[in-house]
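Asker: Next one to model:
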Amino acid sequence: MKKIFCTIAVTMFACSAFAQQKVEANYVEAGVNENDPSTYKAKEVVMPDGKKETVLFKKKHFNQENVKISSSSATALSIEDMMAVIERKKKQHECVKEMYEEDGLYYMLFTKCNTEGKQ
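Answerer: Coordinates of the predicted model:
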């Protein structure tokens, strides 16, 4: 039974790993390597004018426990941009929960701050 389960799991993994194709997108998030489909997610998004567009989002590497309790996320292209995003989120009563840098881009995960009793 274990051999059958392992065979099925390996087959499913192999099919998904080698069946990936390049996706034509209307919008591409900064930092996405379009030549490597395993590094991004393609999503259909309804634009304000009602048209559906394909957007490529980079796969983020946040702790899944932090993602569950997060309120929003953001990406910054520079340290100055990152500081501006953090200040804007602070005004919205959000605090940085997790942050990392990859290939010169800064990825931030925010959660609602407990502002009671604070000035």
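Asker: what packs against the one helix or strand residue 95 maps to?
Answerer: Per DSSP states H and E: residue 95 is located in strand 94-102. Here strand 94-102 touches helix 64-69, helix 79-91, strand 105-112, going by 3 or more C-beta pairs under 8 Å, 6 or more residues apart in numbering; DSSP states H and E. For every residue, glycine as well, the C-beta is placed using N, CA and C.
Asker: go with 6 Å
Answerer: strand 105-112 (3 or more C-beta pairs under 6 Å, 6 or more residues apart in numbering; DSSP states H and E).
Asker: partners of the strand it packs on in the sheet?
Answerer: When pairing is defined by DSSP bridges, strand 105-112 lines up against strand 72-76 (antiparallel), strand 94-102 (antiparallel).
Asker: do you know which of the ones you listed lies nearest residue 65?
Answerer: Distances from residue 65 to each of the strands paired with strand 105-112 were compared using C-beta to C-beta; the minimum, 9.7 Å, belongs to strand 94-102.
Asker: what sits up against that closest one?
Answerer: With C-beta atoms under 6 Å, 6 or more residues apart in numbering as the test, strand 94-102 has contacts from 62, 66, 70-71, 107-111, 113.
Asker: Run through the protein and note the low-pLDDT ranges.
Answerer: Along the chain, segments meeting pLDDT under 70 span 1-27, 115-119.
Asker: Buried residues in the strand holding residue 95, which are they?
Answerer: With burial defined by 16 or more other C-beta atoms under 10 Å, the residues of strand 94-102 counted as buried are 94, 96-98.
Asker: where's it relative to the chain centroid, distance-wise?
Answerer: With C-alpha atoms, centre = their mean, to the nearest Å as the basis, the distance from the averaged C-alpha position of strand 94-102 to the chain average is 12 Å.
Asker: Taking helix 79-91 as reference, get the angle to that strand.
Answerer: On the basis of axes from the mean of the first three to the mean of the last three C-alpha atoms, to 10 degrees, strand 94-102 is oriented at 160 degrees to helix 79-91.
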